[in-house]
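> Need coordinates for the following:
(chains A and B)
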Amino acid sequence: MSIKQISIFLENRLGRLNEVVSILAKNKINIRALSLADKADYGILRLIVNDRNKAIKVLKKNNFTVDQTDVISAEVEDKPGGLAKILGYLVENGISVEYIYAFVEKSNKKAVVVFKTEDIKKAEKVLKKNKVKLLKESDIKKI
Amino acid sequence: MKFIKKPLLKEKLKKLFEKYSLIDKKIFHDKILKMEYFQKEIEKLKESKLKELQFERLKKVFNYAKEKIPFYKKLYEKAGIKNLTSLNDLKNIPFTKKNDLRDNYPFKMFACPIENVFEIHASSGTTGKLTVVGYTKNDIEVWSEVMARSLVCAGVKKGDIIHNAYGYGLFTGGLGVHYGALKLGVTVIPVSAGQTQRQLMIIQDFKSTVLTCTPSYSLYMAEEAKTMGINPKKTTIRIGILGAEPWTEGMRKKIEEEWDMIALDIYGLSEIIGPGVAMECEGKDGLHIWADHFLPEVINPDTGETLEEGEEGELVLTTLTKEALPMIRYRTGDIVKINYSECPYCKRTMPRISKIKGRIDDMLIIRGVNVFPSQIETVLTKIPEVSPYYQLVVSREKYLDKLEVRVEITEKAFSDEIKKLEELEKKIQRAIEGVIGLSVSVKLVEPKSIERSMGKAKRVIDLRKELKEEK
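Below is the predicted model of the structure:
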């Protein structure tokens, strides 16, 4: 049920982020969601895109360091307490979150969170049991 | 000397080459090639005999230099040295330095009129003025001979094809190897430095078996090969003769893995003759210095005092046979140890110098501590998550020296979590600090972002110097 996120190592240099998104644009790859974890010298750009394999191919060709990771993507009710509910399920089961970011789905105006946990399989099980809607790779392509 | 029927040997080798068609380099190397010598008698000369020969030649070159070159005449008159009575007297002779060559620019250090000088080479220093060296016909002959010895010492045989990627031109690297190959009678491709993709095409199509270039360029070639879809391991290259810059055992391991070849260190400097002053054999336990032509000593660089066998210090060389440019007690600036025992591997008796630890000029003094780039290279090549490309940036912040080590991250080590990258940085930092005893900062940079060099790699950026120069 998990989806794949791509991550890119970026040195903190002027225009480096722009290079990544320009390469994606040129290859007609759409970014669904993104987050940038930053340190003083470098950052990690995490992306959910509509065509992952193509994105990895073109970025590698341009000498970027690219990796892919399993992450969970869950729908959240777009109202106060929506996210708290989901995270609550994880805490109850002793699952900690490594990082999290969010985007809003256009079609049904629902919020979507993307996050990585220590034990992805366990997190999925817990969320499913609590009837949280998890997005699949095919869902991402449709968005 | 044992008489070898040359045509027979050639036939035999030819057959063996056909049989193995160089496909399995390992088999070819281990089973077929036996240690050989270019000049067995001299390369295995008894120590006492070698010393006799050295002293005879030293006396000659000392008198010759004094007579022909005003610089030496003045130097020795001032020092009050008239004659040499034994090899031990050597330690009383004043040193010569690179600056002496610059001060006598361009030809004032030459011992013979220019019409006897057959070839001139030069190297550019950081100061801009060229260091000029000259060769008589006989000097070129000596150079060819020591280079041929070096090639054989590295395991090069008739039938080998040398891909010579050292620069041809004023730099001695390219032509030095070239002359050695001609002398030995093996095929040499004078490809010179640059145009890496074309080089790789040549290696593939011409089926070269020996690669000669700087160690850093050999790594760059391997990297470039992969982007072209060529597996360097699958090429016919079986030996790398790498030099012109100090490199570590860790670097050797990487290069040998990348190319599936035996990587050996060659040493030389244009002031003495060029490449071929010393060469490793497959035993990889020191570089055999051709001491019948180049007399080595190791000194304490601060006091100038001669050190014992096994002690680390600056290598000082005296040319025993050079005609155009005799150099007596020349301070090379290279840090080595010397070993006078017979090589357990190839049985050569010529003294061995250790792999160059670094150049005195490259030594960084950071907060009063001496640091050689090679020490950091040794640490980095042991960490699988980073590539062997690195750069040291030294700066000064509030009167305190700061050392930043820039390392390229590899794809394998990259993680989507900052935490893991920070752990990697700490791991590198601790490993370096453990060796040099200084706090450093580690900066991970993108792969292929550190400049690749076709010749000598630039490992150090000293911003302190730039600050000084601006003032």
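> SS state for B:Lys458?
Three-state call for B:Lys458 (DSSP: H, G, I helix; E, B strand; the rest coil): coil.
> how about the nearest residue to it, chain neighbours excluded?
With CB to CB, 6 or more residues apart in numbering or on different chains as the measure, B:Glu451 is the residue that lies nearest to B:Lys458, at 6.8 Å, once sequence neighbours are left out. To be clear about C-beta, it is placed using only N, CA and C from the backbone, and glycine gets the same treatment.
> To what extent is that neighbour buried, counted in neighbours?
As a burial measure, B:Glu451 scores 9 neighbours (other CB atoms under 10 Å in any protein chain shown).
> quick one: B:Ile365 from chain A, how far?
The spacing between B:Ile365 and chain A, counted by CB to the nearest CB, to the nearest Å, is 26 Å.
> what's the distance between B:Ile140 and B:Lys253?
36 Å (CB to CB, to the nearest Å).
> err, B:Glu141, not the other one
Using CB to CB, one obtains 37 Å as the distance from B:Glu141 to B:Lys253.
> Might you report the residue contacts of residue 117?
This is for chain A. Taking CB atoms under 8 Å, 6 or more residues apart in numbering or on different chains as the contact definition, A:Thr117 lies against A:Ile72, A:Leu90, A:Ile95, A:Ser96, A:Val97, A:Glu98, A:Ala123.
> wrong one, chain B
For B:Val117, the contacting residues are B:Phe107, B:Phe110, B:Gly134, B:Tyr135, B:Thr136, B:Ala324, taking CB under 8 Å, 6+ apart as the criterion.
> The same query, at a cut-off of 6 Å, please.
Contacts for B:Val117 were tallied using CB atoms under 6 Å, 6 or more residues apart in numbering or on different chains; they are B:Gly134, B:Ala324.
> okay, it: pLDDT?
Reported pLDDT at B:Val117 in the predicted model: 97.
> what about the helices in chain A?
Using DSSP state H, the helices assigned to chain A run over residues A:16-26, A:52-61, A:82-92, A:120-129, A:137-142.
> For those, give me JSON lines that also has mean pLDDT, mean neighbour count and distance to chain B.
Formatted as JSON lines, those follow (pLDDT from 0 to 100; neighbours: other CB atoms under 10 Å in any protein chain shown; distance: least, CB to the nearest CB, whole Å):
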{"stretch": "helix A:16-26", "mean pLDDT": "95", "mean neighbour count": "14", "distance to chain B": "8"}
{"stretch": "helix A:52-61", "mean pLDDT": "94", "mean neighbour count": "16", "distance to chain B": "8"}
{"stretch": "helix A:82-92", "mean pLDDT": "93", "mean neighbour count": "15", "distance to chain B": "17"}
{"stretch": "helix A:120-129", "mean pLDDT": "93", "mean neighbour count": "16", "distance to chain B": "13"}
{"stretch": "helix A:137-142", "mean pLDDT": "80", "mean neighbour count": "13", "distance to chain B": "17"}
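> Please flag which of the contacts of A:Thr117 sit within strands.
In strands, defined here by DSSP state E, the members of these are A:Ile72, A:Val97, A:Glu98.
> Dump those into TSV; add pLDDT and neighbour count as well.
Rendered in TSV, the data for the ones in strands among the contacts of A:Thr117 read as follows (pLDDT from 0 to 100; neighbours: other CB atoms under 10 Å in any protein chain shown):
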residue	pLDDT	neighbour count
A:Ile72	94	24
A:Val97	93	15
A:Glu98	92	15
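> Contacts only, for the closest residue to B:Glu377 other than its chain neighbours.
With sequence-adjacent residues excluded and distances taken as CB to CB, 6+ apart, B:Glu377 is closest to B:Thr248, at 4.7 Å. Contacts for B:Thr248 (CB under 6 Å, 6+ apart) come out as B:Ser374, B:Glu377, B:Thr378.
> Figure out how far stretch B:109-117 is from the centre of its chain.
Counting by CA atoms, centre = their mean, to the nearest Å, stretch B:109-117 is centred 27 Å from the centre of its parent chain.
> Identify each buried residue in it, please.
By 16 or more other CB atoms under 10 Å in any protein chain shown, the buried positions in stretch B:109-117 come out as B:Met109, B:Phe110, B:Ala111, B:Cys112, B:Asn116, B:Val117.
> Output the residues you listed as JSON lines; include the columns secondary structure.
Putting the buried residues of stretch B:109-117 into JSON lines (three-state DSSP) gives the following:
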{"residue": "B:Met109", "secondary structure": "coil"}
{"residue": "B:Phe110", "secondary structure": "coil"}
{"residue": "B:Ala111", "secondary structure": "coil"}
{"residue": "B:Cys112", "secondary structure": "coil"}
{"residue": "B:Asn116", "secondary structure": "helix"}
{"residue": "B:Val117", "secondary structure": "coil"}
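> Could I get those residues in CSV, plus columns for distance to B:Leu151?
Compiled in CSV, those are given as follows (distance: CB to CB, whole Å):
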residue, distance to B:Leu151
B:Met109, 29
B:Phe110, 28
B:Ala111, 29
B:Cys112, 28
B:Asn116, 28
B:Val117, 26
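> Quickly check those residues for the two that are furthest apart.
Of all pairs drawn from the buried residues of stretch B:109-117, the greatest distance, 14.3 Å, lies between B:Met109 and B:Asn116 (CB to CB).
> that older thread, among the contacts of A:Thr117, which one lies nearest to B:Gly167?
Nearest to B:Gly167 out of these is A:Glu98 (CB to CB; 50.0 Å).
> Not counting its neighbours along the chain, what's nearest the residue in the stretch 301-450 of chain B that chain A sits nearest to?
For the stretch 301-450 of chain B and chain A, the shortest gap (CB to the nearest CB) falls at B:Asp416, measuring 3.7 Å. Leaving out its chain neighbours, the residue that sits closest to B:Asp416 by CB to CB, 6+ apart is A:Ser7, at 3.7 Å.
> residues in contact with residue 116?
Just going to use chain A. With contacts defined as CB under 6 Å, 6+ apart, A:Lys116 is in contact with A:Val71, A:Glu98, A:Tyr99.
> wait, I meant chain B there
Residues in contact with B:Asn116, defined by CB under 6 Å, 6+ apart, are B:Thr136.
> Roughly how far does the closest residue to chain B within chain A sit from A:Leu34?
Relative to chain B, the nearest point of chain A is A:Ser7 (3.7 Å; CB to the nearest CB). Here A:Ser7 is placed at a distance of 10 Å from A:Leu34 (CB to CB).
> Which helix or strand lies directly C-terminal to the helix or strand of chain B with the lowest mean pLDDT?
Every helix and strand in chain B was compared by mean pLDDT, DSSP states H and E; the lowest is helix B:25-27, with a mean of 52. For helix B:25-27, the following helix or strand on the C-terminal side (DSSP states H and E) is helix B:40-43.
> quick one: average confidence on that following helix?
Helix B:40-43 comes out with an average pLDDT of 94.
> Stretch B:263-270 now?
Stretch B:263-270 shows a mean pLDDT of 97.
> again with stretch B:224-238
Averaged across stretch B:224-238, the pLDDT comes to 94.
> what's the answer for stretch B:171-181, then?
The predicted model gives stretch B:171-181 an average pLDDT of 97.
> ok, and what's touching it?
Counting by CB under 6 Å, 6+ apart, stretch B:171-181 makes contact with B:121, B:143-144, B:147-148, B:151, B:162, B:164, B:166-168, B:188, B:190, B:192, B:212, B:244, B:270, B:274-276, all of which sit outside it.
> The nearest residue to B:Glu446 once chain neighbours are set aside pairs with what?
Taking CB to CB, 6+ apart as the measure, B:Glu446 lies nearest to A:Glu11, with 5.1 Å between them; neighbours along the chain are not counted. In this structure, A:Glu11 has the following beta-bridge partners (DSSP bridges): A:Tyr42.
> and A:Glu11, how many residues sit next to it?
15.
> how far away is it from B:Gly134?
47 Å.
> likewise A:Lys128?
Here the distance between A:Lys128 and B:Gly134 works out to 83 Å (CB to CB).
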